[in-house]
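[1] The amino acid sequence is not available; the structure is as follows:
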C-alpha cells in the first residue's frame with residue numbers, strides 16, 4: 001500500500017469545511033431544500049430503517065445503485081447521506097461518488113468536481129485533496145473526479161480495496177453512489193465489497209423484468225432492499241403489480 005492510502009485512515013476524520021453555495025444545490029435534495037416536506041420525511045424513514053437493520057448486522061458501508069440510468073440513485077444517495085448526518089451529528093458520515101462514468105454527486109450538491117475518487121485511485125493526489133465537508137453540515141464528500149478510460153478496471157483495483165478499508169476505519173457510516181447495474185460491470189464488482197446494497201427503482205418506469213435482471217447481476221452482494229423513487233402516495237396498486245413475474 002502506498003503512503004497516500006496509508007495516511008487515509010488517520011486523515012479522514014479530520015476533514016475541513018468547504019465552501020459550497022446553498023443556492024447551487026439541486027432542489028431535489030429535499031433534506032436541505034424542503035426539510036419539512038413529505039419527501040424529506042421519506043428519506044429520514046429510509047435512514048431509520050437502515051438503523052434498525054444495523055441492530056441486527058454490521059452495516060457501515062452502504063451502496064446505492066439502480067438497474068438503469070435516470071432512476072434517481074444519486075439524488076437518493078445524497079438525501080440519505082444528509083439525513084444520516086443530521087440524525088447523528090456525533091457520527092462521522094461520508095458520501096462517496098463511485099460512478100466514475102457519470103458522477104453527479106458534486107453537481108447535485110453544488111460543489112466543484114475538481115479532483116476526486118478517480119484521481120485518488122490513480123495515485124495522482126492525496127486523500128486531503130479529494131475529501132471535503134459539505135457546506136455547514138457534518139457530511140464529508142468525495143466526488144467522482146474525471147472519468148478514467150477504464151472505469152471498471154479502476155474500481156476493481158487493489159487501490160479501491162485499500163480505499164474502502166481506509167474509509168471503514170475513518171468513518172462511522174459510508175454511503176457509496178454506484179453506477180447503474182445493467183449497463184456496466186462496475187456495480188456488480190463493488191457490490192460484493194459493501195455491507196449492504198440498496199436498489200433504487202423508478203416507479204411506473206422500470207419494468208419488473210429489468211429489476212429482476214439487475215438483482216441477478218448483483219448475485220452474491222448483500223442486497224438489503226429497494227427504494228421506490230417517484231411513487232405517488234396512493235401507489236399501492238402499482239406496488240402489487242410490481243412484484244409479479
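    Done, it's in. All values reported here derive from a predicted model rather than from experimental measurement. Numbers count the residues shown, from 1 in each chain.

[2] Might you report the residue contacts of residue 192?
    By CB atoms under 8 Å, 6 or more residues apart in numbering, residue 192 lies in contact with 220, 221. Any C-beta I mention is one placed from the backbone N, CA and C, and that applies to glycine too.

[3] how about the strands of the protein, start to end?
    Assigned by DSSP state E, the strands in the chain fall at 17-18, 61-66, 93-97, 132-134, 139-142, 173-177, 196-202, 223-229.

[4] how far is the third one from where the chain is centred?
    By that I understand strand 93-97. 6 Å (CA atoms, centre = their mean, to the nearest Å).

[5] So which bits of it are buried?
    93, 94, 95, 96, 97 (16 or more other CB atoms under 10 Å).

[6] Turn these into a markdown table, columns for distance to residue 211 and pLDDT.
    Shown next, in a markdown table, are the buried residues of strand 93-97 (distance: CB to CB, whole Å; pLDDT from 0 to 100):
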| residue | distance to residue 211 | pLDDT |
| --- | --- | --- |
| 93 | 28 | 95 |
| 94 | 28 | 96 |
| 95 | 24 | 97 |
| 96 | 24 | 97 |
| 97 | 23 | 97 |
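
[7] Now render the strands of the chain as TSV, adding distance to residue 36.
    Putting these into TSV (distance: least, CB to CB, whole Å) gives the following:
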stretch	distance to residue 36
strand 17-18	26
strand 61-66	24
strand 93-97	22
strand 132-134	20
strand 139-142	19
strand 173-177	23
strand 196-202	23
strand 223-229	20
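
[8] Figure out which of the ones you listed is closest to residue 189.
    strand 61-66 (11.2 Å; CB to CB).
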